[in-house]
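Student: all I have is the shape, not the residue letters:
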């Protein structure tokens with residue numbers, strides 16, 4: 001029994017403990033140098049937390065808020081009763097120390113010690129599903145997870161089908 005526990009602890013230390021299930025990513029502001037393509041929308045849209053359990057719901061809530069802010073800045077009216085819906089769910093979040101086996105090294109820049117991988121699923125009201133799996137690196141795993149969440153939202157908003165769905169009302 002003691003050997004089994006020792007082996008599990010050794011594996012965790014060698015591979016990096018991947019669970020960050022109690023951390024809720026907080027996307028960071030999208031700056032001018034962001035890869036978010038500029039667009040405007042004039043439609044009303046409901047951004048829905050599509051999480052399947054309470055922990056996932058808590059992880060998804062900051063991403064829903066961030067997505068709402070990004071769409072409002074581009075002219076959308078965010079309202080719960082909107083005909084167009086965009087349902088979001090943070091499906092998974094994993095953090096690793098740089099160089100471990102689970103998440104590949106994404107940067108060798110000085111100071112990047114932690115890597116976070118986030119899986120964000122978005123579904124439009126007409127049934128289109130886009131799932132983004134993104135890695136980000138930073139000095140702390142929390143910052144890495146926040147940056148990965150931001151990158152996932154940016155990639156969702158850059159998707160041509162999502163953009164068409166959110167286009168101006170005719």
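Tutor: Received it, and whenever you're ready, just let me know what you need. Quick caveat: nothing in here was measured; it's all calculated off a predicted structure. Numbering: from 1, shown residues only.

Student: check contacts around the residue nearest in space to the middle of the chain.
Tutor: Nearest to the geometric centre of the chain sits residue 149, at 3.0 Å (Cα atoms, centre = their mean). By Cβ atoms under 8 Å, 6 or more residues apart in numbering, the contact list for residue 149 reads 25-27, 62-63, 66, 90, 118, 120. Backbone N, C-alpha and C define where each C-beta goes, glycine included.

Student: likewise for residue 126?
Tutor: Contacts of residue 126 by Cβ under 8 Å, 6+ apart are residue 165.

Student: thinking again about what came up before, tell me which of the contacts of residue 149 fall in helices.
Tutor: 62-63, 66 (DSSP state H).

Student: residue ranges of the strands in the protein, please?
Tutor: 44-49, 77-78, 84-97, 114-124, 129-138 (DSSP state E).

Student: partners of the fourth one, with directions?
Tutor: Here strand 114-124 has these sheet partners by DSSP bridges: strand 84-97 (antiparallel), strand 129-138 (antiparallel).

Student: show me which residues of stretch 154-162 are buried.
Tutor: Within stretch 154-162, the residues that count as buried by 16 or more other Cβ atoms under 10 Å are 154-158, 162.

Student: between the residues you listed, which is closest to residue 85?
Tutor: residue 162 (12.0 Å; Cβ to Cβ).

Student: list the contacts for that closest one?
Tutor: 86, 122, 124, 128, 130, 156.

Student: the fifth one and residue 159 touch, don't they?
Tutor: Yes. Distance between residue 130 and residue 159: 5.2 Å, which falls inside the contact criterion (Cβ atoms under 8 Å).

Student: show the low-confidence segments of this protein, by residue range.
Tutor: Across the chain, the ranges flagged by pLDDT under 70 are 1-23, 29-34, 98-112, 168-170.
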